[in-house]
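K.L.:
The following comprises the amino acid sequence and a computationally predicted model.
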Amino acid sequence: MKNSLMFMYHRLVRHFGPLHWWPADSPFEVVIGAFLTQNTAWRNVEQAIAALKQHIPLTPAALCALPKETLEALIRPAGFFRQKAQRLQLFAQVLQERYQGDLDAMLSGPLPRVRQELLAFKGIGPETADSILLYAAQRPSFVVDAYTRRLLQRYGLLRGIENHEEVRALFMDHLPHQAALFNEFHALVVEQCKTFCRKRPLCESCPLQSRCATRF
DNA sequence: GCCCAGGTGGGTA
DNA sequence: TACCCACATGGG
């Protein structure tokens, strides 16, 4: 497994180069993006974040102070806007109350404990928790999403019955816990899937073509 | 029109 | 525990 994962990683790096994720100007903007991108295309998230940035600085305090209806209207392009507005404001409020708005303080304890604390929030599941840990705090917590599962399955590394934590464990158990590696690996998985592993086969110039186990 | 997109939480059997 | 569904917009 370790060899398969590292083979995949090196092929992807060679093909796509460094991707410099997460596209955001601050750690708190990463958090906002992590909520907004849930089951949502990133281009829609970009619209929402741009609208939000025009109205407030992206800080916990400013987010708390915004009337709920205003927040809903601003993030509307990202979909599920009522849910996301409520959950974002709840997160920002707790961050203010427990940590005086200091995201680094919230994310700096022992990794399993911090991850559990994130997962306890309404609106933060495993992917969002790991995205926040990895991309807002540079903690080595591997991000598994629909793309990761699709890619591993396509390359015969999954049976398809594994749950989220089992898929994540494949990476956590077989790779060195380095934030820079996890950061780049997840970004490459997303890029690979967007480019080559959509519904229809598109194998021309695919960097992983030689290992593809899917029969079309 | 239909399908999909960097999920999550609540309800039901 | 294991499904099923609501949540909502925008682009191909």
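P.N.:
That came through, no problem.
K.L.:
Pick out the residue of chain A closest to DNA strand B.
P.N.:
Using CB to the nearest atom of the strand, the closest approach of chain A to DNA strand B is made by A:Gly125 at 2.3 Å. C-beta: built from backbone N, CA, C; applies to glycine.
K.L.:
any idea how far A:Cys64 is from that residue?
P.N.:
With the distance defined as CB to CB, to the nearest Å, A:Gly125 ends up 23 Å from A:Cys64.
K.L.:
Among these two, which residue is more densely surrounded?
P.N.:
Counting neighbours by other CB atoms under 10 Å for A:Gly125 and for A:Cys64 shows that A:Cys64 has the greater number, 19 against 13.
K.L.:
re the thing from before, which ones are touching the residue of chain A closest to DNA strand B?
P.N.:
A:Gly125 sits next to A:Leu119 when contact means CB atoms under 8 Å, 6 or more residues apart in numbering.
K.L.:
for the one 3 residues further on, same thing?
P.N.:
Taking CB under 8 Å, 6+ apart as the criterion, A:Thr128 is in contact with A:Ala34, A:Phe35, A:Gln38, A:Leu118.
K.L.:
Let's see that with 7 Å instead.
P.N.:
Shown in contact with A:Thr128 (CB atoms under 7 Å, 6 or more residues apart in numbering): A:Ala34, A:Phe35, A:Gln38.
K.L.:
A:Thr70: neighbour count?
P.N.:
A:Thr70: 14 surrounding residues under other CB under 10 Å.
K.L.:
Give me the pLDDT for A:Phe216.
P.N.:
A:Phe216 is assigned a pLDDT of 71 by the prediction.
K.L.:
actually A:Ala51, not the one I wrote
P.N.:
For A:Ala51, pLDDT reads 98.
K.L.:
Tell me the residues of chain A that contact DNA strand B?
P.N.:
Counting by CB under 7 Å from any atom of the strand, chain A comes close to DNA strand B at A:21-23, A:33-34, A:37-42, A:44, A:79-80, A:83, A:121-129, A:131, A:135, A:143, A:145-147, A:190, A:194, A:198-199.
K.L.:
how about 6 Å then?
P.N.:
Contacts of chain A with DNA strand B, taken as CB under 6 Å from any atom of the strand, map to A:22-23, A:37-42, A:79-80, A:122-128, A:131, A:145-147, A:190, A:194.
K.L.:
Go through those and flag which are in helices.
P.N.:
Members of these lying in helices (criterion: DSSP state H): A:Trp42, A:Pro126, A:Glu127, A:Thr128, A:Ser131, A:Ala146, A:Tyr147, A:Val190, A:Lys194.
K.L.:
so which pair among the residues you listed is furthest apart in space?
P.N.:
Maximum pairwise distance among these (CB to CB): 21.2 Å, between A:Pro126 and A:Lys194.
K.L.:
who's more crowded, these two?
P.N.:
Set A:Pro126 next to A:Lys194 and count neighbours by other CB under 10 Å: A:Pro126 wins out with 19 against 11.
K.L.:
which residue packs closest to the more buried one, ignoring adjacent ones?
P.N.:
A:His164 (5.2 Å; CB to CB, 6 or more residues apart in numbering).
K.L.:
What is the neighbour count of that neighbour?
P.N.:
So A:His164, with other CB under 10 Å, has 15 neighbours.
K.L.:
In contact with the spatially most central residue of chain A: list those residues for me.
P.N.:
Among the residues of chain A, the one closest to the centroid is A:Ser131, at 3.7 Å (CA atoms, centre = their mean). By CB under 7 Å, 6+ apart, the contact set of A:Ser131 is A:Ala34, A:Val143.
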